[in-house]
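Enquirer: let me see the structure of the following:
(2 chains)
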Amino acid sequence: MSGRRSAWILATAAFGLVAWAVLSLPTPAPGLTDRAFAALDDSGVTNPVTAVLLNYRSTDTLLELGVLLLAVVSVWGLRPSTGASFGRPPGPLLEGLLRILVPLLVLFGGYLLWIGAFAPGGAFQGGALVGGAIVLAVLGGLSPSRFGDRPALLRAGLAAGLAVFSCIGLSVMIAGGWFLDYPGRSAKVLILIIEAAATVSIGLTLGCLFIGGRPTTDGGPEPES
Amino acid sequence: MNPAPATLFLLVGAAIFAIGLAGVFRDAGALRRIIAVNVMGSGVFLFLVAVADRSGGRPDPVPHAMVLTGIVVAVCATAVALTLADAVRGRGDQDPDGGGR
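Expert: Now for the predicted structure:
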């Protein structure tokens, strides 16, 4: 009981500290808004959030894609997938709906990826939609063991974001710039290529994490030592 | 002086964070703690988005970008935590498939 009380005391203290900090924040808030918008013309995109993600702070995003890959590797290392379906779909209506909805979700993910250059959207939003499409398909009766059918392709897709991002970063170094310092007018094309690969990787990562285990390669459950 | 409209959201974000913090230390059981950490994360995201609005006029894109990637990373961290919790619970279990999902 005292543990519970001390937890609430700790939480109240934390809230009090943060609230005090919030109320004593300087009123003309300092920020990076002006600098972010000033450099927008050189960034290759007109959406400031995408510019931050893929240009100003691109090393950050590169490492975050590494974190996603690491998460899949960790989950796959912990256990194989049972390969069992999540149960039969409750009726033919859901199955019919998913046949329309899943391609639409993937298509809309691609649209979000494209529009991210000049409006809210981008690789993470598109990838989330692709991941949602995979989750829906699995819930609708797609067997998780199907993800083990083409293991090399699946692994390539999972690693594509990090691989393409690093390759482009290193290529611009060979061309004479800094790491991930896109030269001149090529920024838009390079950002789009990176985002396309990242969308595939993010979507597959979220889907694989939902399945929650290394897909078995030969249909049946893997023999465990 | 009138407080900035973002202040309310900052305080609500701090409150959500504190509720999650209490949950982490109060509740036994891995699943409850993982959910509590996610509640804390939601508070942080709300806080960061509110911070972006403090500059007045155009919102600051840098916190927005951090939240955007943070959400996806939080989902992945949650998945790893859930798998770890499941693996810990299943230790010593004679039937590896019996644990369910």
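Enquirer: chain A: strands as residue ranges?
Expert: Counting by DSSP state E, chain A forms no strands at all.
Enquirer: got the residue ranges for the helices in chain A?
Expert: Secondary structure of chain A by DSSP state H: the helices cover A:2-23, A:33-38, A:40-43, A:48-51, A:58-78, A:92-115, A:123-139, A:151-174, A:187-211.
Enquirer: any chance of the ones you listed in CSV, with mean pLDDT too?
Expert: Written out in CSV, the entries for the helices of chain A read as follows (pLDDT from 0 to 100):
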stretch, mean pLDDT
helix A:2-23, 88
helix A:33-38, 82
helix A:40-43, 80
helix A:48-51, 88
helix A:58-78, 92
helix A:92-115, 91
helix A:123-139, 92
helix A:151-174, 92
helix A:187-211, 92
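Enquirer: can you put those helices in CSV and add mean neighbour count and distance to chain B?
Expert: Bear in mind the C-beta positions are built from the backbone N, C-alpha and C, glycine included. Written out in CSV, the entries for those read as follows (neighbours: other Cβ atoms under 10 Å in any protein chain shown; distance: least, Cβ to the nearest Cβ, whole Å):
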stretch, mean neighbour count, distance to chain B
helix A:2-23, 14, 4
helix A:33-38, 14, 5
helix A:40-43, 15, 9
helix A:48-51, 25, 4
helix A:58-78, 19, 4
helix A:92-115, 15, 12
helix A:123-139, 22, 5
helix A:151-174, 17, 11
helix A:187-211, 23, 4
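Enquirer: closest one to B:F9 among these?
Expert: Shortest distance between B:F9 and the helices of chain A, using Cβ to Cβ, is found for helix A:2-23: 9.8 Å.
Enquirer: can I get that closest one as PDB, trimmed to CA atoms?
Expert: Only the C-alpha atoms of helix A:2-23 are listed here, as PDB (Å, rounded to 0.1, in the frame of the first residue of the first chain):
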ATOM      1  CA  SER A   2       2.800   2.400   0.900                       C
ATOM      2  CA  GLY A   3       4.400   1.500  -2.500                       C
ATOM      3  CA  ARG A   4       1.300   2.700  -4.200                       C
ATOM      4  CA  ARG A   5       1.100   5.900  -2.200                       C
ATOM      5  CA  SER A   6       4.800   6.700  -2.900                       C
ATOM      6  CA  ALA A   7       4.200   6.100  -6.600                       C
ATOM      7  CA  TRP A   8       1.500   8.800  -6.600                       C
ATOM      8  CA  ILE A   9       3.600  11.100  -4.500                       C
ATOM      9  CA  LEU A  10       6.400  10.700  -7.000                       C
ATOM     10  CA  ALA A  11       4.000  11.400  -9.900                       C
ATOM     11  CA  THR A  12       2.600  14.400  -8.200                       C
ATOM     12  CA  ALA A  13       6.100  15.800  -7.600                       C
ATOM     13  CA  ALA A  14       7.000  15.100 -11.300                       C
ATOM     14  CA  PHE A  15       3.900  16.900 -12.400                       C
ATOM     15  CA  GLY A  16       4.600  19.800 -10.100                       C
ATOM     16  CA  LEU A  17       8.100  20.200 -11.400                       C
ATOM     17  CA  VAL A  18       7.100  20.100 -15.000                       C
ATOM     18  CA  ALA A  19       4.200  22.500 -14.400                       C
ATOM     19  CA  TRP A  20       6.500  24.900 -12.600                       C
ATOM     20  CA  ALA A  21       8.900  24.700 -15.600                       C
ATOM     21  CA  VAL A  22       6.000  25.200 -18.100                       C
ATOM     22  CA  LEU A  23       4.700  28.300 -16.200                       C
END
